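K.L.:
Make a model of this:
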Amino acid sequence: MEQVSETFTVDLRRLTVLRELQRRGSLARTAEALHLTPSAVSQQIAALAREVGAPLTERDGRGVRLTGQARVLLAHADLIAAQLERARADLAAYGEGGRGSVTVGCFSSGILGLLPGALRGLGARLPHVRVDVVESEPPDLFTALDGGQVDLAVAVDFAAGPPHTDRRYSRVDLLTDVMDLVVPEGHRLAGRDGDVPLRELAADAWIVGHPRSCVGAVARSVCATAGFTPDIRHAVNDWAAVAALVEAGAGVALIPRLVRPLYEGRRLAVLRTEGEPPSRNVFAAVRTGSEDDPVLAAVREELRRAAEELTGR
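P.N.:
As a prediction, the model looks like this:
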């Protein structure tokens with residue numbers, strides 16, 4: 001490898017590929033996330049290595065892993081990306097943010113329960129700003145945020161999402177979304193007045209989201225904490241479908257209060273669980289450096305207001 005040049009230039013698009021390789025851990029998963037071929041990903045990484053004059057990957061069995069030089073470069077990449085976002089935010093602030101467009105990526109129950117109030121507030125505040133909404137969850141949601149396809153992400157904390165310490169993102173916690181235990185109207189526990197230990201439903205059929213979704217991950221984690229593995233008969237991510245299956249007697253489920261209107265009128269019972277209620281943390285994130293963009297700042301403020309209204313209600 002050649003000596004690192006004092007005047008080397010770096011293609012920012014190739015840095016994005018390297019950042020995604022760090023997130024995904026393999027060439028194949030990186031290629032899938034970026035809609036490229038593994039060969040194209042390898043070529044982008046190799047070209048970046050030539051640009052900086054340092055090896056960025058090394059063989060690890062049948063795959064690759066990042067070198068120490070790659071991790072050094074990634075630390076700088078985070079700073080470079082943040083500074084570019086600050087420049088963009090400053091330019092947007094120059095025009096006072098009265099016009100423009102923003103794309104919000106959000107998980108399904110957030111679209112149902114949180115975004116409508118925020119969008120109404122934003123429409124009154126910035127009527128000439130166009131807002132597009134995309135349904136998405138981590139890790140794909142943050143791949144889109146990194147790539148600029150999404151400007152603001154609304155997500156739930158779970159294993160596939162970024163840690164709180166990830167400096168690529170400026171985040172704000174919005175609310176704690178409690179998950180209610182719902183059972184069919186004729187269930188043996190339907191009339192229980194007191195709190196129900198979740199373990200009492202270990203032998204029941206469960207309706208749970210897909211494992212890779214935030215809903216499925218949270219429900220499985222809650223059951224594991226209660227000391228059992230749920231008997232999952234139905235893997236469903238659509239909340240109206242979950243409520244309909246519970247009403248039909250097909251099983252029990254944990255349903256977030258963000259989508260309460262979907263199940264309040266149905267023939268099912270909502271139970272209080274013993275101890276700390278199952279919940280999930282909902283947060284909003286933007287690329288570090290873009291938090292001062294006037295449009296994004298307004299969106300985050302309206303999200304906070306909508307969250308406070310829901311919490312108070």
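K.L.:
Residue ranges of each domain in the chain, please.
P.N.:
Domain segmentation of the chain under automatic domain parsing yields 12-77, 97-174+281-312, 176-279.
K.L.:
Show me the one of the ones you listed that comes nearest Q83.
P.N.:
With C-beta to C-beta as the criterion, Q83 lies closest to domain 97-174+281-312 of the domains of the chain, at 6.2 Å. C-beta here means a position set from N, CA and C on the backbone, and glycine is covered the same way.
K.L.:
Report the rounded mean pLDDT for that closest one.
P.N.:
The average of the pLDDT scores along domain 97-174+281-312 is 93.
K.L.:
circling back: Serialize the domains of the chain to TSV and add fields for mean neighbour count and distance to D90.
P.N.:
TSV is the format used below for the domains of the chain (neighbours: other C-beta atoms under 10 Å; distance: least, C-beta to C-beta, whole Å):
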stretch	mean neighbour count	distance to D90
domain 12-77	17	18
domain 97-174+281-312	19	7
domain 176-279	18	34
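K.L.:
In contact with N237, which residues?
P.N.:
The contact partners of N237, taken as C-beta atoms under 8 Å, 6 or more residues apart in numbering, are 108, 209-210, 213, 215-216.
K.L.:
Out of those, which one has the lowest pLDDT?
P.N.:
V215 (80).
K.L.:
right, and it touches G209 too?
P.N.:
Yes - counting by C-beta atoms under 8 Å, V215 touches G209, with 3.3 Å between them.
K.L.:
one step back: just the closest of the contacts of N237 to V131, please.
P.N.:
Out of the contacts of N237, the member with the shortest distance to V131 (by C-beta to C-beta) is S108, at 17.3 Å.
K.L.:
so that closest one sits right up against V134, yeah?
P.N.:
No - if you go by C-beta under 8 Å, S108 and V134 don't touch, sitting 11.3 Å apart.
K.L.:
Helices of the stretch 151-300 of the chain, residue ranges please.
P.N.:
Using DSSP state H, counting those that start in this stretch, the helices found in the stretch 151-300 of the chain span residues 214-226, 239-247, 294-312.
K.L.:
Name the nearest residue to R24, ignoring sequence neighbours.
P.N.:
Leaving aside its sequence neighbours, R24 sits nearest to T30 (C-beta to C-beta, 6 or more residues apart in numbering; 4.6 Å).
K.L.:
How about the contacts made by that neighbour?
P.N.:
17, 20-21, 23-24, 36, 38, 41.
K.L.:
By pLDDT, give me the weakest of those.
P.N.:
Of all of those, R23 carries the lowest confidence score, 86.
K.L.:
can I assume it is in contact with L141?
P.N.:
No - with contact defined as C-beta under 8 Å, R23 does not reach L141; the gap is 11.8 Å.
K.L.:
picking that back up, now the contacts of T30 in JSON lines, with secondary structure?
P.N.:
JSON lines is the format used below for the contacts of T30 (DSSP: H, G, I helix; E, B strand; the rest coil):
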{"residue": "V17", "secondary structure": "helix"}
{"residue": "E20", "secondary structure": "helix"}
{"residue": "L21", "secondary structure": "helix"}
{"residue": "R23", "secondary structure": "helix"}
{"residue": "R24", "secondary structure": "helix"}
{"residue": "L36", "secondary structure": "coil"}
{"residue": "P38", "secondary structure": "helix"}
{"residue": "V41", "secondary structure": "helix"}
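K.L.:
Could you work out the most separated pair of those residues?
P.N.:
R23 and P38 (15.7 Å).
K.L.:
What is the longest strand belonging to the chain packed up against?
P.N.:
Secondary structure of the chain per DSSP state E: the longest strand is strand 169-184. Packing partners of strand 169-184 (3 or more C-beta pairs under 8 Å, 6 or more residues apart in numbering; DSSP states H and E): strand 152-156, helix 214-226, helix 239-247, strand 253-256, strand 268-271, strand 279-287, helix 294-312.
K.L.:
how about these, which one is nearest V178?
P.N.:
That would be strand 279-287 among the helices and strands packed on strand 169-184, by C-beta to C-beta, at 4.8 Å.
K.L.:
Touching that closest one from outside, list them.
P.N.:
81-82, 85, 110, 114, 142, 145-146, 151-158, 162, 168-179, 214, 218, 256, 258, 293, 296, 299-300, 303, 307.
K.L.:
How about stretch 289-298?
P.N.:
Under C-beta under 8 Å, 6+ apart, the answer for stretch 289-298 is 81-90, 92-93, 96-97, 100, 102, 122, 125-126, 129, 151-152, 170, 286, 300.
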